[in-house]
Each structure stands twice: as C-alpha cells, then as structure tokens.
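*Asks:* Sharing a sequence plus its predicted fold:
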Amino acid sequence: MSAHLMKTKNTGAVLFVVMMLLSACGPLRDVVTPVPDPERLSVEQTLMSMRNGETAFDFFATRFSGTASLDGQMMSVSGAIRIRKDSAIYISIAPLLGIELARLLITPDTVRMINRLENTYYIGDMGVLNNLLNTHLDFYMLQALLTGNDFGHFSTDDFRLAQDRDMLLLQSRNRRPLSAAHSHISFQQNLWLNDESFRVMENLLFEPLSNRSLRAKYQNTWEVDGQTVPRDVTLVFTEPGSRADLNIRYSRTTIDQPQPLSFSIPEGYTRINF
C-alpha cells in the first residue's frame, strides 16, 4: 500500500470518529400502544412542548470524555465541543493525556479538519464527507444531535403520536428537509420524549434502501445556566457489516459564554483529497 493511500485511509478513520461525535438498529417498528387521548395531547401540542423544552443557546460549549468503538475495536476519547448556533461547530479530539489528535471546524457549507497524527489537513463540503462516511448529515442535523434537540429544518406534517416505554413517541415514515434543494433526502424517524419535560431522550433515524441507521440516546440531563442540557450521550451508527459506537459524558458545559473557535493549518501539513 502506498504512503499516500495509507495516509488517506488513516485520515478517513479519524474523520469517522469525528463524525460519530456529530453520530442494535433495524427497521423502525410500529408501536401499537394507543395514541394518548386527543383531548389531552395532540401531535401539534407535543411538537410545541418539545420545541419549548429544547436547549436554547447562542453559544454552547462543553468538554467530553468516554469511549468510541468501531466494529468492536475500542478507544478512549476526550476533548471539547463548541457551537456558535447556526454558524460553526468546533471539535477538538484528544486522548485522556490531553495531546490533541485532531481539530475540526464545520460551517454550514465547509468542513475543515487537521489530523495531527499524519500531519495532514482536509477542506471540503459536507457532501464529500457524507460520501466518505456513507451518511446524509448536514450542519444543522449535527448541531441538533450534539445538543439533544430535534431537526428544526425538517418537516413535521406526517408525525404520529404513541406511547412506548413510559415515554411519548413521535414517529415519521418519511421525514424530509423543508428546503426544496434537499428534497431527495428522506428517512424514517422515531423520537422518544420524556412525558413530563418533553425533552428528546432518544432519536433513531433509519434509511430503508441502504439499511443504515443512526441512534442517539440522552440518558441523563442537567441544568446549566437555566437550560436543560444532555449529560450522557450515546451515538450508534450501523450499516450492513459495520457498527460504530460512541459513549461520552459532557462536563464543564456552559451556555452563552463564547470561547475561541480558532483553526489554522500548520506549516508543512499535506492536503488530503477524497
């Protein structure tokens, strides 16, 4: 294997772990528990309550630590996540010893990454990364997954409401972006909500044609600066023959306390193209 091909493969692996930060699934099952009394609760009321209970912020920052595994191979991960709402997502990845391995800066139209392991960097758009990682995520979906919110830029007109495992369940068989430019994207989705706070506790996306899925679970939340935010986050990405898991805990989370989103490419780094 050539040195260039090896570097491309290693950079792809780093990107995959990074995207899990942004990320046993099968086709979504129909829940047969009767829909709650429509006089007590409707889909529209549930969606409104969910929106009112979401993490609201202009700037979100947190540290994280935990484990990531790809097809059974586990590694420890830690680092920092900083989000300027609807503008930029900054992620720094380091082992527990604190030496940065990779840094990522995502804006709605551009992805920039430094791989310090290989002295390489990458600049491209989300389309290139989605082709590499075989997924369909955009900036706003990543922002929502990292903060435990729903996708505010997607349709809500075909949701059904049920009860499952002492939680409210919103189900969509064909959820699509509101933008006509991205109308080719669609997936099945289940959203499990706490029946008191209406916070998203679990978010499962499934693409029937590719048999790919992404499951996000938010086992615990805590109060930060008057906001309810995730504390323990699990992301599971599966496709035929492959599975990636990320289990992390947020710490030192702050709301609306801006921090630097610095990103520069060191001299001598080689650009990688995919």
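*Replies:* In hand now; what should we look at? Numbering: from 1, shown residues only.

*Asks:* how close does the nearest residue to L70 once chain neighbours are set aside get to H153?
*Replies:* Excluding the flanking residues, the one nearest L70 by C-beta to C-beta, 6 or more residues apart in numbering is A244, at 4.9 Å. For every residue, glycine as well, the C-beta is placed using N, CA and C. Noted for A244: a distance of 25 Å to H153, by C-beta to C-beta, to the nearest Å.

*Asks:* Compare those two (neighbour count), which wins?
*Replies:* Ranked by neighbour count (other C-beta atoms under 10 Å), A244 and H153 place A244 first, with 21 against 15.

*Asks:* host element of that one?
*Replies:* In this structure, A244 sits in strand 242-255 according to DSSP states H and E.

*Asks:* Tell me if I'm right that the residue nearest to L70 and G72 touch.
*Replies:* No: counting by C-beta atoms under 8 Å, A244 sits too far from G72 to count as a contact (10.2 Å).

*Asks:* Hmm, I265 is touching T120, no?
*Replies:* No: between I265 and T120 there is no contact under C-beta under 8 Å: 9.7 Å.

*Asks:* More neighbours: which of those two?
*Replies:* More neighbours surround T120 than the other of I265 and T120, with 20 against 15 (other C-beta under 10 Å).

*Asks:* can you pull the pLDDT of S42?
*Replies:* At S42, the pLDDT value in this model is 90.

*Asks:* That one: neighbour count?
*Replies:* 14.

*Asks:* how far away is it from S49?
*Replies:* S42 sits 10 Å away from S49 when distances are taken as C-beta to C-beta.

*Asks:* how about low-confidence regions in the stretch 151-274 of the chain?
*Replies:* 180-183, 274 (pLDDT under 70).

*Asks:* So which residues of it form strands?
*Replies:* 160-164, 167-175, 187-194, 200-207, 212-224, 227-239, 242-255, 270-271 (DSSP state E, counting those that start in this stretch).

*Asks:* how about those, which one is nearest T147?
*Replies:* strand 227-239 (7.0 Å; C-beta to C-beta).

*Asks:* could you check the angle strand 212-224 makes with that closest one?
*Replies:* Orientation check (axes from the mean of the first three to the mean of the last three C-alpha atoms, to 10 degrees): strand 227-239 against strand 212-224 gives 160 degrees.

*Asks:* orientation of strand 227-239 relative to strand 187-194 in degrees?
*Replies:* 140 degrees.

*Asks:* Any buried residues in strand 227-239, and which?
*Replies:* Across strand 227-239, burial judged by 16 or more other C-beta atoms under 10 Å covers Q227, T228, V229, P230, R231, V233, L235, V236, F237, T238, E239.

*Asks:* now swap in stretch 242-253 and tell me
*Replies:* R243, A244, D245, L246, N247, I248, R249, Y250, T253.

*Asks:* so the last one makes contact with V224?
*Replies:* Yes: applying C-beta under 8 Å, one finds T253 in contact with V224, separated by 4.9 Å.

*Asks:* And the contacts of stretch 172-181?
*Replies:* 28, 138, 151, 153-156, 158-160, 182-183, 185-189 (C-beta atoms under 8 Å, 6 or more residues apart in numbering).

*Asks:* Can you go through those residues and name the buried ones?
*Replies:* Applying 16+ other C-beta under 10 Å to these, the neighbour count classes L28, D138, F151, F154, T156, F159, I185, S186, F187, Q188, Q189 as buried.
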